[in-house]
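S.K.: with the input below, show me the fold.
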Amino acid sequence: MNDTVVTDSVKRFKWVGTRPIRPDGVPKVTGKALYGGDYRLPGMLYGKILRSPHAHARIRSIDTSAAEKLPGVKAVVTSKDLPDQKFDYIGPERVAQNFWHITRNIMAREKVLYEGHAVAAIAAISASVAEEAASLIKVDYEVLPHVIDVDEAMADNAPLLFEDMITRGIEPAPTKPSNISKRLEFAVGDLDAGFKQADVVIEKEFKTAAVHQAYIEPHACVARCDADGQTEIWSSSQGHFQMRALTAQILKKPVGDLRVYPAEIGGGFGGKTVTYLEPIATLLSMKSGNPVRLMMSREDVFRSTGPTSGSSMWVKIGVTKDGKIVAADGIFKFQSGAFPGSPVMNGCLCAFAPYDIPNQRAVGYDVVSNRPKAAAYRAPGSPISAFAVESVLDMCAQKIGMDPLELRHKNACRIGTPTIFGPKHAHDGYVQTVEALQNHPAYKVKLGKNQGRGVASGYWFNGGGDSSATIQVNSDGTVLVATGSPDIGGSRASMAIMAAETLGVDYGQVRAIVADTGSVGYTHVTGGSRVTFATGTAVVNATKNVIKDLCKRAALIWDVDPDAVVWEDGFAKPAGANVGDFEPLSLKALAAKASATGGPITAAASVNAGGQAPGFSTQFCDVEVDPETGKVTILRFVAAQDVGRAIHPSYVEGQIQGGVVQGIGWALNEEYIYNAKGQLDNPGFLDYRCPVASDLPMIDAVLVEVPNPAHPYGAKGVGEVNICPPMAAIANAIDNAIGVRMDCLPMSPPRLLEAIDAKGA
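M.R.: Numbers count the residues shown, from 1 in each chain. As a prediction, the model looks like this:
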């Protein structure tokens, strides 16, 4: 069941809001689609990466001589083959990068900092030869004490990953090194005064485990480097322009020497915005003179690529008897993994964002530990802080006897509500998601014994930024739309829909493709829920440029002024009766006369899109808890989300349902489990427990449409905010069912059963 709630007087469109067939469906279903590991080039070699068995160890020496002598081995590289990088944080604080860290994550130098850390790489004539060569490399390690947990990593006596790391964000700067990379603080109002106004104050601590994005396709790429330095890379990533830029920087090659082709991508969710293999494959190709393929195993993916952070949090909220939130405070400590850069800033900024709270503060700590460097995962940081905040809000609602949706409605942010990070909210959408659930018939359904209902909300910024598109009109009137955005959530369909809508032609006439870095202008990654908004704007702008050109060509044919021609419903028409009695010219007719009216009909547009609207989601779920086993069964899940305007509703519903499913896994089962040596004990889908179909109910996606005026068709990003509420909604439902408040993720059967037994004792 899927409901659409329309909250404005919607302008009706011919294609926007419809559900045409997905353009990538047939090649994927038939197995013809090419992913990163599917490419084969003449003379291609097979790469293998040797990875550390230790969580923390100093590298005394690496002897690759035996591997280099093995017949069939064509190249061996270690960190000494990678250029040095300057220690410097580049870019805005929320997404700052340090290439000194990045190059050491790609290949360990002074120390290995987590099990699975790359130490050396081989290119050989076969996978078996590469495997054997890797076993011949001798690494002399000095094993060091390690630390996994975030609270333990912050302790004064914790083993240090970096002996010279001084916490940033503290004035005056500390004199003693620690594993705390950075401290952040954001605040508005007067906390003390706010809490004095409260009738009820609740505070609680929470912990969450690190979880992986669990994409189906492992990381893979093929690189070919010619003798003149020109390099081609075929990569499965969320941004081939990003892979080009990172590879060029890490190898200190001119960006213009690299051309990167986008493969199909079997899932990313933020985890494929990072480069792990591309620079190594390129380096192996440079040394060997042959194309090189590198592909991770599933175990490599879990041990060596970024999960999202685990966390330790404390949240305190004060409310009045009538349900007004007067103060909120939070401390959020996030694991960044082996190198700085957790999404803790996002967690701080999103934690209280859906609400109008006059007095609030959020303090964040970015903490390194001996585990893979954290990477983005769907609204990175926001789901973690939402678990804590939305759980405490539920406790507040219980304490004052108020319906949890009513509490959120009473305190909902609206246009003009201040945020903790400065600007006032410029868009509505949140309160409408709450109202959609208040009016949902399932919210009134009575529940039985050991059953409970939980509510939670979430916020994500959504993104804009750099995107490019080109439009080509073919001689038969068909249209090619080329963008630089890898298609993860249905962007080829949405780009074709928006181009068809703007041109006034049939969707079937438009083909959308993802072009390589040499064939379209620079485009930032597919991430941050930015593509339909930013790349869609570029597509519409390019299409409008085509329309201007078409009107000029019609004017030339009719021998009138270009201003006397208008474009309507796929035809050039006289702007008025005084222009003349001309038969309208279709796109096909004008395309057939292209050579006679100026040559090929093409246009391009690039944007740095601003004006994106944030994502708001409110969800409720019904659960049943088995008190004898601790098993939680999800009976019903309803997710209302402000989607701006759904360009392709089926894809939008799929995004919402996918985010909820991942949130259910995060809530109930998924976690990294380390042994006493700091080694991951569950690096595979048999032991890392993702939800399967039998674990899930039908997920009701409620599309709330509050269009964004900054987008030609009102689009808002929809891919991420849906993962923010589920963990808290499920925790709140468990508490509602059996009166047990879970404050640690995952709420797996053994952990829940322990809490049930503790309550009974």
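
S.K.: gap between stretch 459-472 and the chain center?
M.R.: What separates the centre of stretch 459-472 from the centre of its chain is 14 Å, taken as CA atoms, centre = their mean, to the nearest Å.

S.K.: just the endpoints, please. Distance across it?
M.R.: Using CA to CA, to the nearest Å, the end-to-end distance of stretch 459-472 comes to 38 Å.

S.K.: average pLDDT for that stretch?
M.R.: For stretch 459-472, mean pLDDT rounds to 98.

S.K.: stretch 411-419 too?
M.R.: 98.

S.K.: next SSE downstream of the helix or strand of the chain with the lowest mean pLDDT?
M.R.: Every helix and strand of the chain was ranked by mean pLDDT, DSSP states H and E. The lowest is strand 3-6, at a mean of 50. Remark: after strand 3-6, the chain's next helix or strand is helix 25-30, criterion DSSP states H and E.

S.K.: what sits up against the helix or strand just after that next one?
M.R.: Once the chain leaves helix 25-30, the next helix or strand it forms, by DSSP H and E, is strand 45-51. Residues outside strand 45-51 that contact it (CB atoms under 8 Å, 6 or more residues apart in numbering): 74-75, 115-127, 129-131, 133-134, 137, 139, 277, 280-281, 284-285, 288, 290-295, 300, 303-304. Every C-beta, even on glycine, is put in place using the N, C-alpha and C of the backbone.

S.K.: list the strands paired with strand 45-51, with their directions.
M.R.: If you go by DSSP bridges, strand 45-51 pairs up with strand 118-124 (antiparallel), strand 292-295 (parallel).

S.K.: what's the average pLDDT for that strand?
M.R.: 98.

S.K.: spell out the secondary structure type for Leu405.
M.R.: On the three-state scheme (DSSP: H, G, I helix; E, B strand; the rest coil), Leu405 is labelled helix.

S.K.: so who does Val540 touch?
M.R.: Val540 makes contact with 498-499, 502, 712-713, according to CB under 8 Å, 6+ apart.

S.K.: also Ile497?
M.R.: Contacts of Ile497 by CB under 8 Å, 6+ apart are 15-16, 18, 20, 507, 647-648.

S.K.: can you redo those as TSV with pLDDT, distance to Ala386 and neighbour count?
M.R.: Shown next, in TSV, are these (pLDDT from 0 to 100; distance: CB to CB, whole Å; neighbours: other CB atoms under 10 Å):
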residue	pLDDT	distance to Ala386	neighbour count
Trp15	98	35	22
Val16	98	31	22
Thr18	97	33	16
Pro20	96	34	16
Tyr507	97	37	17
Ile647	98	26	28
His648	97	27	24
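
S.K.: go through the residues you listed and name the one nearest Cys690.
M.R.: His648 (26.1 Å; CB to CB).

S.K.: please pick the buried ones from the contacts of strand 45-51.
M.R.: 74-75, 115-125, 129-130, 133-134, 137, 139, 277, 280-281, 284-285, 288, 290-295, 300, 303-304 (16 or more other CB atoms under 10 Å).

S.K.: in the longest helix anywhere in the chain, what counts as buried?
M.R.: For the chain, the longest helix by residue count, based on DSSP state H, is helix 536-558. Within helix 536-558, the residues that count as buried by 16+ other CB under 10 Å are 536-547, 549-555, 557-558.

S.K.: before we move on, what about stretch 556-575?
M.R.: 557-558, 560, 564-567, 570-574.

S.K.: would you point out the most distant pair within the residues you listed?
M.R.: Val560 and Gly570 (19.7 Å).

S.K.: with just CA atoms, put the next helix or strand after the longest helix of the chain into CSV.
M.R.: Using DSSP H and E, the helix or strand that follows helix 536-558 in sequence is strand 565-568. Extracted C-alpha coordinates of strand 565-568, given in CSV (Å, rounded to 0.1, in the frame of the first residue of the first chain):
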residue,chain,number,x,y,z
VAL,A,565,8.4,31.9,-32.1
VAL,A,566,7.3,30.0,-29.0
TRP,A,567,7.7,26.4,-28.0
GLU,A,568,4.6,24.5,-26.8
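
S.K.: so what would you say the end-to-end distance of stretch 189-204 is?
M.R.: OK, stretch 189-204 end separation, CA to CA: 22 Å.

S.K.: list of residues touching it?
M.R.: Contact with stretch 189-204 is made by 314-321, 326-327, 329, 357-361, 388, 391-392, 395-396, 399-400, 741, 743, as judged by CB under 8 Å, 6+ apart.

S.K.: now with 10 Å?
M.R.: 313-330, 357-361, 388, 391-400, 418, 420, 741, 743 (CB atoms under 10 Å, 6 or more residues apart in numbering).

S.K.: what about stretch 311-330, how long is it end to end?
M.R.: 13 Å.

S.K.: so what's the residue nearest to Pro709 when sequence neighbours are not counted up against?
M.R.: Using CB to CB, 6 or more residues apart in numbering and skipping residues adjacent in sequence, the residue nearest Pro709 is Gly611, 8.0 Å away. Neighbour list for Gly611: 426-427, 464, 533-534, 537, 708-711 [criterion: CB under 10 Å, 6+ apart].

S.K.: what count of nearby residues applies to Gly465?
M.R.: By other CB atoms under 10 Å, the residues close to Gly465 number 19.

S.K.: surely it touches Ser529?
M.R.: No - taking CB atoms under 10 Å as the definition, Gly465 is not a contact partner of Ser529, at 11.3 Å.

S.K.: overlap of the contact sets of these two?
M.R.: Jointly contacting Gly465 and Ser529 under the rule CB under 10 Å, 6+ apart are Gln612.

S.K.: hmm, back to that, closest to Thr231 among the contacts of Val540?
M.R.: For the contacts of Val540, the residue nearest Thr231 by CB to CB is Ala499; the value is 32.2 Å.

S.K.: where do the strands sit along the stretch 401-550 of the chain?
M.R.: 451-460, 465-473, 479-483, 510-514 (DSSP state E, counting those that start in this stretch).

S.K.: give me the angle between the second one and helix 536-558.
M.R.: This points to strand 465-473. Per axes from the mean of the first three to the mean of the last three CA atoms, to 10 degrees, the angle that strand 465-473 makes with helix 536-558 is 30 degrees.

S.K.: kind regards, and thank you for your time.
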